[in-house]
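Trainee: the following block contains a protein sequence and its predicted model.
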Amino acid sequence: MPAAPQKKNTASGGPSATGAGADAGEGGGRLRGRALIVPTLLLLLGGISYGGIFSANKLAAGASFPVFAYTFWIALFAGLALLIVCAMRGTLPQLSRAHLLQYLRLALLAVMLPVLATAIAARELPAGVITLVLTLVPGLTYLMSFAARLERFEALSLAGLALGAGGVLLIVLPEQSLPEAGAWVWMLVALVAAVAAAGSNVVAAAYRPPRSHSLALACGILLAAAVVMLPVMLVADGPYLFTDAGWRGIAGMAWAAAIHCVTFYCFQEVTRRAGAVFFAQFNYLVVAAGIFWALLIFDETLGLWVWAALACMVVGLFLVNTGARRRTVAASRATAGGAS
């Protein structure tokens with residue numbers, strides 16, 4: 001669950017960008033007509049792609065791909081792929097102290113913890129159920145931003161987070177909602193991914209180094225994750241080659257690495273072109289795509305309680321995004337009033 005550039009006083013369903021592109025998308029000069037074609041296509045590409053991450057994890061889990069090795073190989077392949085693109089564009093990752101620290105922070109929060117948590121949970125839970133944790137990320141981002149005094153109080157956003165939490169309870173409490181008794185523990189493991197992703201959004205907002213190219217920053221984050229995960233893999237899983245996982249494991253790992261490359265780029269380009277409020281729709285797309293991928297690949301069907309949970313979470317997500325729009329509009333008006 002990668003983090004993209006954010007600016008303070010903006011919490012939404014996804015990261016927001018800095019600079020003129022963000023201002024155009026978030027402020028009074030809303031993008032319309034043809035100007036929305038590219039952001040919309042990128043939003044669809046990123047959402048449909050990232051919805052597959054949970055099914056990719058499920059494929060790797062079915063091949064008994066060790067989770068630490070799996071995380072390392074994803075980060076390495078995705079990071080190297082972006083490094084090639086950065087080299088072609090002449091925007092290699094910077095190596096200042098501020099950049100290195102940010103790479104390490106977001107490697108932990110945006111790559112390592114989400115991949116590890118969802119990969120572990122994928123061994124015990126349906127991919128469609130794990131997908132639902134993404135609906136909590138915007139609300140948790142707002143809660144953390146509010147606690148860090150980056151956001152002001154917004155009742156709608158808190159109500160949305162409460163509804164999302166209620167949706168989780170509808171999954172973990174009824175015995176009929178999960179495959180077997182005690183599976184609720186693995187749902188809590190999956191929730192670590194949502195908490196980490198929300199934390200990555202706050203960290204991206206508070207500590208983004210100045211004059212950072214988004215693609216280079218994404219590349220640095222992924223390569224930092226690979227560097228950190230290498231010794232962890234060697235200690236926990238030994239020198240595990242991805243080829244040892246067989247075709248099923250290789251397919252899952254390659255798919256997950258491609259997802260990280262595509263979504264990192266889409267996140268940053270959409271927020272640059274259209275702003276955070278437009279990007280907030282990404283969360284709906286990911287949940288729908290995640291359920292679709294799970295149905296297509298694993299023929300998964302969700303129980304009645306899980307559908308009820310999904311309804312609660314989507315309504316909660318809508319409330320969080322509505323609160324984000326209110327804050328964006330209020331901030332734009334305050335800025336316009338101060339300039340006049």
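Mentor: Yes, it's here.
Trainee: okay, Ser55: pLDDT?
Mentor: On the pLDDT scale, Ser55 is placed at 91.
Trainee: immediately after the helix or strand it falls within, which helix or strand?
Mentor: Assigned by DSSP states H and E, Ser55 belongs to helix 53-62. Using DSSP H and E, the next helix or strand after helix 53-62 towards the C-terminus is helix 67-89.
Trainee: show residues contacting that next one.
Mentor: Outside of helix 67-89, the residues within contact range by CB atoms under 8 Å, 6 or more residues apart in numbering are 57, 60, 92-93, 107, 111-112, 115-116, 119-120, 213, 215-216, 218-219, 222-223, 225-226, 229-230, 232-233, 236-237, 240, 242, 245, 249, 252-254, 256-258, 260-261, 264-265. Quick note: C-beta positions are derived from backbone N, CA and C, even for glycine.
Trainee: likewise for stretch 189-199?
Mentor: For stretch 189-199, contacts defined as CB under 8 Å, 6+ apart pick out 1, 3, 108-110, 113-114, 117-118, 120-121, 125, 129-130, 133-134, 136-138, 140-141, 143-144, 168.
Trainee: give me the below-cutoff pLDDT ranges for the stretch 201-340 of the chain.
Mentor: For the stretch 201-340 of the chain, applying pLDDT under 70 flags the ranges 275-280, 302, 324, 328-340.
Trainee: quick check: Pro93 vs Val85, distance?
Mentor: 12 Å (CB to CB, to the nearest Å).
Trainee: now the common contact residues for those two.
Mentor: Counting by CB under 8 Å, 6+ apart, the contacts common to Pro93 and Val85 are Cys219.
Trainee: these two: which has the busier surroundings?
Mentor: Pro93 (23 against 15; other CB atoms under 10 Å).
Trainee: make sure that one is actually in contact with Ala224.
Mentor: No. Counting by CB atoms under 8 Å, Pro93 does not reach Ala224; the two are 9.0 Å apart.
Trainee: which residues are common contacts for those two?
Mentor: Taking CB under 8 Å, 6+ apart as the criterion, Pro93 and Ala224 both touch Tyr103.
Trainee: ok, back up a step: if we go by neighbour counts, what in the helix holding Ser55 is buried?
Mentor: Using 16 or more other CB atoms under 10 Å as the test for burial, helix 53-62 gives 53-61.
Trainee: just put these in CSV and tack on distance to Asn201.
Mentor: Shown next, in CSV, are these (distance: CB to CB, whole Å):
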residue, distance to Asn201
Ile53, 17
Phe54, 20
Ser55, 24
Ala56, 22
Asn57, 21
Lys58, 25
Leu59, 28
Ala60, 26
Ala61, 27
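Trainee: alright, that wraps it up for me.
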